[in-house]
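S.K.: could you look at this predicted model? Sequence included:
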Amino acid sequence: MNAAPSSPPRPRIGLIHALAQSQPPVLAAFAALWPEAETFNLLDDSLAPDLAATGSLDQAMMDRFLALATYAAQAGPRESATRGILFTCSAFGPAIERVQRVLGLPVLKPNEAAFEQALESGKKIGLVATFPSALTPMLAEFRAMAQASGRDATIEAKVADGALAALCEGALEKHDALIADAAQALGPMDVLVLGQFSMARAAGLVSARTGTRVLTTPEAAVAKMRRLVGSGR
């Protein structure tokens, strides 16, 4: 009797986090949008406080990101090698861009897919963040993408002060309400982007309070990674 053919290995995607609270939203996005993928997680929760302490992405921090990504790329048996890497930490764009240049597999920054969708959705973009150090690199990333794509778009941003602390303390309703308050303070927008993966849980409340389309970074990133890995890029 011939043995039944074995099924092909599931695409293996490495997820690299600076915040433990980023894991549940991205895993939920994979379950909803790409359940066939096999994910694994690397967490270094010293990254965010170290960035806050130094105030900038120094060479040591850049090297740490490359080391994390290299480890993720080499993880797993040969027959199910890592097919892509998704970073969920939004304050480290230049370090992730360096990884993109070095590694020969799809590597996504956390916000790029959501920003791409935002640029296709309107000219007036709102961005809400809960990690203040992430705001400057995110705004720079968006404006560079808008210029490169030739899109006539503007972006206004607001930090939801106190929301991240509320999330870390388990005050989930307070976290969501502070994000919705910040989104409303931006005024009328064509589309709103929630800039941190850990903010995704607030999307429903933000949409209800503002009446505006809300993009979350986990869902946008998972959808793009699936396209990239499926196309073999």
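M.R.: That came in fine, so what should we check first?

S.K.: assign the residue nearest in space to the middle of the chain to helix, strand or coil.
M.R.: Centroid-nearest residue in the chain: residue 110, 2.4 Å away (criterion: Cα atoms, centre = their mean). Of the three states, residue 110 takes coil under DSSP: H, G, I helix; E, B strand; the rest coil.

S.K.: next up, the contacts around it.
M.R.: 86, 87, 88, 89, 90, 196, 197, 217, 221 (Cβ atoms under 8 Å, 6 or more residues apart in numbering). Bear in mind the C-beta positions are built from the backbone N, C-alpha and C, glycine included.

S.K.: output the lowest mean pLDDT helix or strand found in this structure.
M.R.: helix 47-54 (a mean of 89; mean pLDDT, DSSP states H and E).

S.K.: what's the first helix or strand after it?
M.R.: helix 59-74 (DSSP states H and E).

S.K.: mind listing what's buried in stretch 32-40?
M.R.: Judged by neighbour count using 16 or more other Cβ atoms under 10 Å, the buried positions of stretch 32-40 are 33, 34, 37, 39.

S.K.: need the pLDDT of the residue lying closest to residue 168 once chain neighbours are set aside.
M.R.: Spatial nearest neighbour of residue 168, excluding adjacent residues (Cβ to Cβ, 6 or more residues apart in numbering): residue 21 at 7.0 Å. Note on residue 21: pLDDT of 91.

S.K.: and what of residue 18?
M.R.: Taking residue 18 on its own, its pLDDT is 93.

S.K.: same question for residue 80.
M.R.: Per the predicted model, pLDDT is 74 at residue 80.
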